[in-house]
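Enquirer: When you get a sec, could you give me coordinates for this:
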Amino acid sequence: MRNITEYKNLTWVDIIEPTEEDIQYLKNEFKLHPLTLKIVIPSIHHPDLDVFRNYISIILHYSWTKENGEIQIQEFDIIAGKNYLITNHYQKVSPLNFILDQCLKSDLKREEFMGRGTGFLLFTMLNKFLKGNLTKVDEIENRIDSVEKEIFLERERKVVKDISYLKMEIIDLWRTIEPQGVIFDYLRNYGAKFFGQEFQHYFADLLRFNKRIENALKNSKEAIESLEETNHILVTLKMNEIIKVLTLFSVFLLPLTLLASIWGMNTNFLPFKESVFDFWLIVGLMVITLSGMIFYFRKRKWI
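Expert: Residues are numbered from 1 along each chain as shown. Modelled structure (predicted):
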């Protein structure tokens, strides 16, 4: 599906789920290099930036969450010429759709986004794209704060599950964001040469923005690993306390069970057998034995 938006001498072509017909359209209308047309179909798993004589080709990636919660990595292609901009993707990109919808609905927005040429439209699009990534990182940081509060509320099983999901999301985001740093570095150098020196600061700002996201995501990664270690320590301590209690019960019951077994033997030579107080004497012996063990354990500070 193609959406074509025009303003003055600038044409923006947005393609969703490209087909061979779209490839032929791009070839005929914009005279793109065959190597560029090859990146449209199929999707490529690595970011890239190529500078041709008449345009710049950029391959980026973003994480997309399906309805069932599964995270997928999707490709987002941009081809920027002097008087045209082509975007190609397989799923909706929220920041891109926002700009496109604004341009389709309002002449003022078309003037704002497209009135200053392809370079500014490219900057606006990538800036929105990075803000979308930053929003995802901010959401992860908020969830990390929630996990930190839950760790000490004895919700170990829920915390383990939450940490696992967070680590998965951080890894997926890191796989998309970290490799793209070099793309924004190249764009800072080549974009200014292609669109004009007035755009050098714009593209340099995109590079700083991406590094800020990288640092925030790196901090989130270290924070969730620390929380995972803390939760593991608390779970281990709790298990040790449970094992300690069960062990003490076993140790206390063992001599009492032994005494009960001895007096339960079928023999004629048991002490207290002829006494009318035999039961209470045996119980007393058990109480003395148990008291002695408790006194010894307390003295050794085992309980």
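
Enquirer: Pull the contacting residues for the residue lying closest to Asn9 once chain neighbours are set aside.
Expert: Spatially, and ignoring its direct neighbours in sequence, Asn9 is nearest to Asn83 (5.1 Å; C-beta to C-beta, 6 or more residues apart in numbering). Bear in mind the C-beta positions are built from the backbone N, C-alpha and C, glycine included. Applying C-beta atoms under 8 Å, 6 or more residues apart in numbering to Asn83 gives the contacts Asn9, Leu10, Thr11, Gly117, Thr118.

Enquirer: so what's the last one up against?
Expert: Shown here is Thr118, whose contacts under the criterion C-beta under 8 Å, 6+ apart are Leu10, Ala80, Gly81, Lys82, Asn83, Tyr84, Leu85, Phe195.

Enquirer: Tabulate the residues you listed (TSV), appending secondary structure, pLDDT and distance to Phe129.
Expert: Converted to TSV, these look like this (DSSP: H, G, I helix; E, B strand; the rest coil; pLDDT from 0 to 100; distance: C-beta to C-beta, whole Å):
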residue	secondary structure	pLDDT	distance to Phe129
Leu10	strand	88	19
Ala80	strand	91	13
Gly81	strand	90	19
Lys82	coil	88	22
Asn83	coil	90	22
Tyr84	strand	90	19
Leu85	strand	91	13
Phe195	helix	87	17
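
Enquirer: List only buried entries from those residues.
Expert: Those of those that meet the buried threshold are Leu10, Ala80, Gly81, Tyr84, Leu85, Phe195, by 16 or more other C-beta atoms under 10 Å.

Enquirer: Out of these, which comes closest to Gln91?
Expert: Leu85 (19.3 Å; C-beta to C-beta).

Enquirer: wouldn't that closest one be in contact with Tyr7 here?
Expert: No: assessed by C-beta atoms under 8 Å, Leu85 is found out of contact with Tyr7, at 11.0 Å.

Enquirer: where do the helices sit along this protein?
Expert: 20-30, 34-38, 94-105, 107-114, 118-151, 156-177, 181-195, 200-263, 278-299 (DSSP state H).

Enquirer: Export the ones you listed to CSV and append columns for distance to Pro271.
Expert: Compiled in CSV, the helices of the chain are given as follows (distance: least, C-beta to C-beta, whole Å):
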stretch, distance to Pro271
helix 20-30, 99
helix 34-38, 97
helix 94-105, 85
helix 107-114, 100
helix 118-151, 56
helix 156-177, 50
helix 181-195, 84
helix 200-263, 9
helix 278-299, 8
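
Enquirer: who wins for proximity to Val51 among those?
Expert: Per C-beta to C-beta, nearest to Val51 of the helices of the chain: helix 181-195, 4.9 Å.

Enquirer: In terms of secondary structure, what does the closest one contact?
Expert: Contact partners of helix 181-195 among helices and strands, from 3 or more C-beta pairs under 8 Å, 6 or more residues apart in numbering; DSSP states H and E: strand 48-51, strand 55-65, helix 118-151, helix 200-263.

Enquirer: Try it again at 7 Å.
Expert: Packing contacts for helix 181-195, counted by 3 or more C-beta pairs under 7 Å, 6 or more residues apart in numbering; DSSP states H and E, involve strand 48-51, strand 55-65, helix 200-263.

Enquirer: most tightly surrounded among these?
Expert: strand 55-65 (a mean of 20; mean count of other C-beta atoms under 10 Å).

Enquirer: C-alpha coordinates for that strand, PDB please?
Expert: What follows is strand 55-65 as a C-alpha-only set of coordinates in PDB (Å, rounded to 0.1, in the frame of the first residue of the first chain):
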ATOM      1  CA  TYR A  55      20.000  10.200  -2.500                       C
ATOM      2  CA  ILE A  56      20.900   8.600   0.800                       C
ATOM      3  CA  SER A  57      19.600   5.100   1.700                       C
ATOM      4  CA  ILE A  58      19.100   4.200   5.400                       C
ATOM      5  CA  ILE A  59      18.100   0.900   6.900                       C
ATOM      6  CA  LEU A  60      16.900   1.000  10.600                       C
ATOM      7  CA  HIS A  61      15.100  -1.400  12.900                       C
ATOM      8  CA  TYR A  62      12.600  -1.100  15.700                       C
ATOM      9  CA  SER A  63      10.900  -3.400  18.100                       C
ATOM     10  CA  TRP A  64       7.200  -4.100  17.600                       C
ATOM     11  CA  THR A  65       5.000  -5.700  20.200                       C
END
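
Enquirer: Thanks a lot, see you next time.
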